[in-house]
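A.B. asks: Here is my input, please return the structure:
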Amino acid sequence: MSLNTVSVKRQPSSTDFKSATTNVSSRSMRQELDKLVDGVEDPQTKKQFKAEMDGFYNLFNRYLDEKARGEKIQWDKIKPPAAEQVRPYADLPKATDHSILDKLAVLKLNGGLGTTMGCVGPKSIIEVRDGMTFLDLSVRQIEHLNSAYGVNVPFILMNSFNTHEDTKRLIQKYEDHNIQILTFNQSRYPRFGRESLLPTADSFDSQKDNWYPPGHGDIFEALYNSGLLDELIKAGKEYIFVSNVDNLGAVVDLNIYQHMIESKAEYFMEVTDKTKADVKGGTIIDYEGQARLLEVAQVPKEHVEEFKSISKFKIFNTNNLWMNLKAIKRVVEERQLSLEVIINNKALDNGTPVIQLETAVGAAIKHFKGAAGINVPRSRFLPVKSCSDLLLITSDLYSLEHGVLVRNPKRIFDTTPVIKLGDTFKKVANFQGRFKSIPNILELDHLTVSGDVVFGKNVVLKGSVIIVANEGNKIILPDNSVIENKLVTGNLAIIDH
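C.D. replies: Purely as a prediction, here's the structure:
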């Protein structure tokens, strides 16, 4: 008996198609990156640039892989953090040994520009209090630590290619201060076309808008590639405190630092209680028994409102981070880092739609031993993202001591006033022109200002105040006026006679 065999050709599945497309895109990207690297003549520049392009290529491949698999976080596996994963600051032992400061370095993330507040150059050079910039305040804090305790805490700035030159010039004024200032640049990654999935840059020197700094998650590889990580370890430094340069509450805290040493933890993330103003902030979760950072970008659309809920997700990441330097070296050298990819859709100046891939430093919590959150007081989170924030920190609600903002003890309430200034206050120059002096807000709960509004000298605001100048109208609040629980609208101008 003979058997007739029929050959059936398997139809390619959608998975096969996606896999093949991913492979083609990956190979094409590698070829284009190699061309960019080959075009660099200086050996040292070429070596640094190749390291950056290799880092980008790894991130790009993870993006392709996640896109092909449609990989998303599984919502039903998300649990609130366990007690040992987030510790209350109040439970930490009081620090007694100041000599541990000699093993610490402080790093500020200094890659951002001040454009959203209408300023040219690095955001860190905006004047925020008593004629001092973010940088001035940070330098004063570290200088005081070094002088008060006879230690040497180096101050490090992670710049981007957007802020490097200006920062280098500006820090020269601190040369005679009791502080060692070190700088390095985060990576410069290429933007790529949304359709072509290829770099828009055609050479190392292509115009600026073809490149981008890839988020603060790049700190690990950038610190390592710069050689600064090894220098710090060689100099006897064991820990690093990292924070955003615009968070004026992020000062060295000995209690957290000592607890880190005693607990042998490699990574601490400072979190604080969430309010309605913080609903989009990343939060620590328990995911399959491991502490993880969950960002709003990772949340499935149908669960975004649940993520924003204060009742379920009670804390958020301040981006004040404490890390062990040798642990950073280990995770980089052993290629353990796999930070969640953040996809940022942008457009070039010529309108070309592009993608830039970023990562967040907080996502690294899952890669370190003994990693935990520390639930800190709100006073350690004072970011200045807008002129509304600027009004808060320049007011009588705070005073300055050695570069540190200190809350006014005369403020009765624990909460901070909610301030919402309209578009006429958006830029720093406009903000400054609309206040003859910063109002007294010690008893303020809420302030909303919209339209053409000007504040006179020594104005006092109390309770809930809403001031709205409709289009074509102007409101000038007279000197020495006291406004309590009022809605002010229409036209108002009181002049001396």
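A.B. asks: For the stretch 301-450 of the chain, which segments count as helices?
C.D. replies: Taking DSSP state H, counting those that start in this stretch to define them, one finds helices in the stretch 301-450 of the chain at 304-308, 325-333, 387-394, 428-433.
A.B. asks: Go through those and name the closest to residue 202.
C.D. replies: Among the helices of the stretch 301-450 of the chain, helix 325-333 comes nearest to residue 202, with 30.3 Å by CB to CB. Any C-beta I mention is one placed from the backbone N, CA and C, and that applies to glycine too.
A.B. asks: And that closest one, what's buried?
C.D. replies: Using 16 or more other CB atoms under 10 Å as the test for burial, helix 325-333 gives 325, 327, 328, 329, 331, 332.
A.B. asks: which of those lies closest to residue 87?
C.D. replies: Residue 87 has its nearest neighbour among these in residue 327, at 18.8 Å by CB to CB.
A.B. asks: just checking, the closest one touches residue 266?
C.D. replies: Yes - with contacts counted by CB atoms under 8 Å, residue 327 reaches residue 266, the gap being 3.9 Å.
A.B. asks: joint contacts of those two?
C.D. replies: The contact sets of residue 327 and residue 266 overlap at 368, 369 (CB atoms under 8 Å, 6 or more residues apart in numbering).
A.B. asks: can you put the helices of the stretch 301-450 of the chain in a markdown table and add distance to residue 245?
C.D. replies: Shown next, in a markdown table, are the helices of the stretch 301-450 of the chain (distance: least, CB to CB, whole Å):
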| stretch | distance to residue 245 |
| --- | --- |
| helix 304-308 | 27 |
| helix 325-333 | 20 |
| helix 387-394 | 14 |
| helix 428-433 | 16 |
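A.B. asks: Identify whichever of those helices lies nearest to residue 454.
C.D. replies: The closest of the helices of the stretch 301-450 of the chain to residue 454 is helix 428-433. By CB to CB, the value is 8.1 Å.
A.B. asks: now stretch 344-362: mean pLDDT?
C.D. replies: Across stretch 344-362, pLDDT averages out at 95.
A.B. asks: Which residues belonging to it are considered buried?
C.D. replies: Here stretch 344-362 shows 352, 354, 356, 357, 358, 359, 360, 361, 362 as buried, counting by 16+ other CB under 10 Å.
A.B. asks: so the third one sits right up against residue 211, yeah?
C.D. replies: No - in this structure, residue 356 sits apart from residue 211 without contact. The criterion is CB under 8 Å, and the distance is 9.0 Å.
A.B. asks: okay, and the common contacts of those two?
C.D. replies: Common neighbours of residue 356 and residue 211 (CB under 8 Å, 6+ apart) are 189, 191.
A.B. asks: For my notes, confirm residue 465 occurs in a helix.
C.D. replies: No - counting by DSSP: H, G, I helix; E, B strand; the rest coil, residue 465 is not part of a helix but strand.
A.B. asks: tally of neighbours for it?
C.D. replies: Residue 465 has 22 neighbouring residues, counting by other CB atoms under 10 Å.
A.B. asks: distance of it from residue 487?
C.D. replies: Using CB to CB, to the nearest Å, one gets 8 Å for the distance from residue 465 to residue 487.
A.B. asks: now swap in residue 433 and tell me
C.D. replies: 24 Å.
A.B. asks: Low-confidence regions, the stretch 201-350 of the chain specifically.
C.D. replies: Nowhere does the stretch 201-350 of the chain drop to pLDDT under 70.
A.B. asks: rerun at 90
C.D. replies: For the stretch 201-350 of the chain, the stretches flagged by pLDDT under 90 are 275-281, 288-290, 295-301, 304-313, 336.
A.B. asks: Much appreciated, bye for now.
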